[in-house]
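Novice: A predicted structure for the sequence below; I have some questions about it.
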Amino acid sequence: MVDYHSTNNQSAGGVQTYMEQENDWDRDLLLDPAWEKQQRKTFTAWCNSHLRKAGTQIENIEEDFRDGLKLMLLLEVISGERLPKPERGKMRVHKINNVNKALDFIASKGVKLVSIGAEEIVDGNAKMTLGMIWTIILRFAIQDISVEETSAKEGLLLWCQRKTAPYKNVNVQNFHISWKDGLAFNALIHRHRPDLIDYDSLRKDDPVTNLNNAFEVAEKHLDIPKMLDAEDIVNTARPDEKAIMTYVSSFYHAFSGAQKAETAANRICKVLAVNQENEQMMEDYEKLASDLLEWIRRTIPWLENRTQEKTVKDLQAKQEDFRDYRTVHKPPKVQEKCQLEISFNTLQTKLRLSNRPAFMPSEGRMVSDINTAWHTLEGAEKGYEEWILSEIRRLERLEHLAEKFHQKAAIHESWTDGKEAMLTQKDYETSTLSEVKALLRKHEAFESDLAAHQDRVEQIAAIAQELNELDYYDAASVNTRCQKICEQWDILGSLTHSRKESLERTEKQLESIDELYLEYAKRAAPFNNWMEGAMEDLQDMFIVHNIEEIQGLISAHEQFKSTLPEANKEREAIQAIQAEVQKIAQSNGIKLSGANPYTTITPQSIDSKWEKAMAMVPQRDCALQDELNKQNSNDSLRATFAAQANSVGAYIQAKMEEIGRISIEMNGTLEDQLTNLKDYQKTILSYMPEINKLEGHHQQIQEALIFDNQYTSYTMEHLRVGWEQLLTTIARTINEVENQILTRDAKGISQEQLFEYRASFNHFDKDHSGALKAEEFKACLISLGYDVENDKQGDGEFNRIMGIVDPNSSGFVTFQAFIDFMSRETTDTDTADQVIASFKILAGDKNFITADELRRELPPDQAEYCIARMAPYAGPDGVPGALDYMSFSTALYGESDL
């Protein structure tokens with residue numbers, strides 16, 4: 001009879017199947033009782049491993065397939081397809097028809113059955129039945145096995161050799177004697193499930209124990225039924241090859257499914273790990289952004305507080321608090337702001353590289369929102385510092401005015417003391433004619449003195465008004481004192497007018513008066529007033545802010561001193577008048593009363609005041625010279641600060657230009673660039689002592705109350721902002737290179753490609769701004785071969801690309817966005833469909849997955865992560881607790897809500 005194992009190779013893709021290689025199977029070999037026994041047991045166990053899925057089994061392989069019913073059922077189970085409805089009759093024709101339906105189905109699968117007829121199966125022909133079952137096993141269990149384009153048998157043998165290669169005493173060369181000692185079976189199990197086999201305890205000289213151990217473990221833990229007896233194999237010189245192949249194919253199918261599940265689990269773990277890391281970075285960004293915004297929110301009201309202080313000392317305490325804020329509290333926040341931008345850029349890069357949607361922070365926590373808040377903070381800082389300086393000037397002015405007010409008021413009150421009583425006395429009623437005339441002249445001199453004091457009263461009122469306008473804290477007491485002076489002045493004016501009228505009425509009765517006394521009084525009064533004014537000026541407080549102002553005061557003082565010789569001549573002339581009076585009186589025997597009737601100014605008082613004034617001149621000289629020395633010292637402080645500020649400003653400008661040049665050059669690999677940039681950053685940070693030195697000079701400037709500096713255009717605020725921008729720029733440039741490395745490594749982009757992209761980008765970046773305008777980017781794309789010419793199709797493609805690289809429609813494309821786009825165009829990444837396919841493998845080809853399956857296949861933390869986020873499965877084929885892995889997978893890539 002012709003070999004009934006021959007099959008065609010329609011489904012083998014041109015590769016010779018095992019059945020064609022084994023067409024020399026001599027049917028006489030089945031007469032070997034040992035081989036037949038092994039085949040019966042193995043084929044029966046193999047059939048039952050599938051039939052039990054349908055709730056049945058066979059006992060006798062040639063008897064139980066005779067009616068064709070279980071044969072059809074077996075084919076339905078192993079193929080997953082429905083066969084024609086069997087005939088339930090007991091007659092021979094019904095059985096033949098059923099077996100023919102089964103044979104027809106086998107033939108429809110590309111198997112060529114030769115010399116196997118339904119009648120032989122119905123008649124219970126053992127050899128034909130075993131041959132048919134072997135054909136089924138080959139087609140449905142072995143034929144699809146292929147390793148490196150080998151045939152079924154060779155593929156299965158190669159798989160066994162690779163899996164057992166590391167094990168001692170195992171050398172699989174065939175499917176008969178290589179398996180007799182049982183070590184190959186144990187090695188296969190141990191390779192995939194080392195927890196089930198203690199391989200080192202097995203001995204090559206105990207094959208029965210080895211075989212039984214492998215068969216029992218496979219049946220108990222791997223759901224592979226026991227298909228052979230250890231004794232049958234050991235006691236046979238050459239075990240049946242087909243029985244061994246059938247048994248080994250069961251191990252192959254059991255372990256290949258586990259390998260797929262492991263691969264699927266690894267893919268899911270990788271995707272979930274990326275997602276968990278991204279979520280942690282999002283949480284860290286949100287917290288850091290919230291903390292920084294809260295600090296800004298709390299700081300701005302403090303900087304906007306304009307509560308006025310009463311003294312310069314109190315305001316200087318505020319200035320010291322502000323200096324502490326600038327040097328102690330703010331620098332860490334500058335670092336936090338820089339780190340926030342770096343974390344945001346790194347997170348966005350990782351999201352793009354893992355094909356995730358871009359991260360959108362909570363409302364109000366965007367980088368732009370933080371920059372806006374930071375700009376508001378810096379504006380408040382500038383306003384606060386300007387306000388403190390203006391307040392110091394205002395309070396200095398107030399204190400100077402208040403002291404000047406009280407000094408002038410004290411002088412005026414001293415002058416007016418007793419004047420009211422003098423003007424109200426009635427001495428002229430009992431005086432002689434000469435005495436009345438003297439009283440009248442005296443009153444005229446008083447009027448002259450009173451007119452001279454009018455300017456002082458006006459000055460006192462003007463100072464009081466200015467103190468009120470500048471919101472002096474003790475304005476109430478100033479107003480009270482000023483009001484009292486003005487009211488008293490009005491009273492003095494009224495009394496003066498009344499007394500003059502009285503004296504003029506009496507004057508008609510008086511005849512002569514001593515002209516010398518009158519001349520003395522007239523000349524002594526203005527001279528005395530001039531001396532009082534001079535002493536007042538010599539004691540006057542002054543405040544200056546530069547050398548020119550103090551030199552002006554010194555010049556005015558020198559001019560004053562130049563008038564002293566003429567003043568001394570006037571003093572001597574006045575004293576000569578008094579001397580002439582004494583001479584005339586002595587010559588004429590006139591007895592003088594001892595006092596000039598026209599004035600209270602005595603020669604002694606004039607000399608006394610003159611001596612006091614002369615003593616004040618050198619004191620004024622010393623005070624002016626001390627102030628000149630102070631202003632020279634201040635000017636030295638200005639020059640020292642200016643020299644350091646000009647040096648620091650030039651350094652910052654040069655470094656900013658160098659960083660801008662480095663960011664567009666392509667010198668060495670990205671790692672070289674990163675190393676150079678970090679070394680460059682260290683070099684910049686090493687310049688920090690120069691900044692601190694400048695801060696020390698600036699503190700000296702402020703403590704000396706110096707408000708201007710003609711030697712430099714730089715301010716400390718300008719240099720602080722420049723230094724912070726320099727540190728932020730180098731940190732941002734380092735982060736851009738790190739992100740390029742991350743993009744290159746994740747996308748598999750070569751260094752040459754990055755250089756090509758950078759060269760193309762730099763070529764069209766004409767202004768070296770680090771970003772391309774839309775038209776520049778379009779020209780760059782055209783140079784790289786993209787069809788974005790000025791037509792309808794090209795414009796549509798260009799708008800699509802701009803939507804990717806410029807999602808915020810800013811009109812500019814950064815180099816990082818350009819790299820992301822080019823890497824996306826040239827590389828591939830995980831997709832939602834791939835993750836869904838992986839979950840489907842773990843779920844056993846179901847449309848849902850259970851919590852137990854997730855915990856069994858995934859690490860605990862990632863399994864719980866999935867369980868917490870997967871929605872319940874709502875399909876009709878679901879079970880209680882079923883989870884929807886499809887919606888979960890699409891949510892990971894932003895295609896739906898998680």
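Specialist: Yep, that arrived.
Novice: Could you use CA atoms for every contact and neighbour count after this?
Specialist: Fine.
Novice: so where's the longest helix in the chain?
Specialist: When every helix of the chain is counted residue by residue (DSSP state H), the longest turns out to be helix 241-304.
Novice: That one: how far from the chain's middle?
Specialist: Put simply, helix 241-304 sits 23 Å off its chain's centre (Cα atoms, centre = their mean, to the nearest Å).
Novice: looking only at pLDDT, what's the mean for that helix?
Specialist: Taken as a whole, helix 241-304 has a mean pLDDT of 82.
Novice: try stretch 804-815
Specialist: 81.
Novice: For the helix or strand that the longest helix of the chain is followed by, buried residues please.
Specialist: Toward the C-terminal end, the helix or strand that comes next after helix 241-304 (DSSP states H and E) is helix 312-324. Applying a neighbour-count criterion of 16 or more other Cα atoms under 10 Å, one finds Val312, Leu315, Gln316, Gln319, Phe322 buried in helix 312-324.
Novice: what's the average pLDDT for helix 312-324?
Specialist: When pLDDT is averaged over helix 312-324, the result is 80.
Novice: quick check, nearest of the buried residues of helix 312-324 to Thr376?
Specialist: Phe322 (16.7 Å; Cα to Cα).
Novice: Next one: that closest one from Gly383, what distance?
Specialist: Taking Cα to Cα, to the nearest Å as the criterion, Phe322 is separated from Gly383 by 12 Å.
Novice: check which helix or strand covers Phe821.
Specialist: Assignment of secondary structure by DSSP H and E places Phe821 within helix 815-826.
Novice: What are the structural domain limits within this structure?
Specialist: Listed domain ranges for the chain are 33-261, 273-397, 527-626, 628-744, 751-821, 835-893 (source: the TED database).
Novice: will you turn these into TSV that also has distance to Asp427?
Specialist: As requested, these are exported to TSV (distance: least, Cα to Cα, whole Å):
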stretch	distance to Asp427
domain 33-261	130
domain 273-397	48
domain 527-626	12
domain 628-744	55
domain 751-821	96
domain 835-893	112
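Novice: Which of the ones you listed comes out lowest on mean pLDDT?
Specialist: Looking at these, the lowest mean pLDDT belongs to domain 751-821 (a mean of 77).
Novice: In this protein, which residue is most central in space?
Specialist: Nearest to the centroid of the C-alpha atoms of the chain, with distances taken as Cα atoms, centre = their mean, sits Leu340, at 0.9 Å.
Novice: give me the element it is part of.
Specialist: Counting by DSSP H and E, Leu340 is part of helix 330-353.
Novice: what does Gln578 give?
Specialist: Secondary structure (DSSP H and E) places Gln578 in helix 564-588.
Novice: I'd like to know which elements the following helix or strand past that helix is packed against.
Specialist: The helix or strand immediately downstream of helix 564-588 is helix 603-664, counting by DSSP H and E. Secondary-structure packing of helix 603-664 (3 or more Cα pairs under 8 Å, 6 or more residues apart in numbering; DSSP states H and E): helix 515-538, helix 547-562, helix 564-588, helix 688-703, helix 716-747.
Novice: Just want the angle from helix 603-664 to helix 547-562.
Specialist: Here helix 603-664 runs at an angle of 160 degrees relative to helix 547-562 (axes from the mean of the first three to the mean of the last three Cα atoms, to 10 degrees).
Novice: Quick check: Leu351 touching Ala358?
Specialist: Yes: counting by Cα atoms under 8 Å, Leu351 sits close enough to Ala358 to count as a contact (6.2 Å).
Novice: Counting neighbours, go ahead and name the busier of these two.
Specialist: A side-by-side neighbour count of Leu351 and Ala358, using other Cα atoms under 10 Å, places Leu351 first with 18 against 13.
Novice: any idea how far the more buried one is from Met802?
Specialist: The spacing between Leu351 and Met802, counted by Cα to Cα, is 19 Å.
Novice: Next: Phe641.
Specialist: Applying Cα to Cα, one obtains 50 Å for the distance of Phe641 from Met802.
Novice: try Asn692
Specialist: Per Cα to Cα, Asn692 is found 46 Å from Met802.
Novice: neighbour-wise, which of those two wins?
Specialist: In this comparison of Asn692 against Met802, neighbours counted by other Cα under 10 Å, the higher total goes to Met802 at 20 against 12.
Novice: That one belongs to a strand?
Specialist: No: under the criterion used here (DSSP: H, G, I helix; E, B strand; the rest coil), Met802 is helix, not part of a strand.
Novice: ok, and the closest non-adjacent residue to Asn596?
Specialist: Taking Cα to Cα, 6 or more residues apart in numbering as the measure, Asn596 lies nearest to Tyr517, with 6.1 Å between them; neighbours along the chain are not counted.
Novice: what sits against the one you found?
Specialist: With contact taken as Cα atoms under 8 Å, 6 or more residues apart in numbering, Tyr517 is in contact with Ile577, Gln578, Val581, Asn596, Pro597, Tyr598.
Novice: between those, which is nearest His406?
Specialist: Among the contacts of Tyr517, Tyr598 lies closest to His406 (Cα to Cα), at 31.1 Å.
Novice: Share the number of residues neighbouring that closest one, please.
Specialist: One way to gauge burial is a neighbour count; for Tyr598, by other Cα under 10 Å, it gives 26.
Novice: Is it in contact with Val436, as I believe?
Specialist: No: no contact is recorded between Tyr598 and Val436 when judged using Cα under 8 Å, the distance being 10.0 Å.
Novice: what about the spatially closest residue to Leu389 that is not a sequence neighbour, which SS state?
Specialist: Here the nearest residue to Leu389 in space, its sequence neighbours aside, is Phe707; by Cα to Cα, 6+ apart that works out to 7.9 Å. With three-state DSSP as the basis, Phe707 sits in coil.
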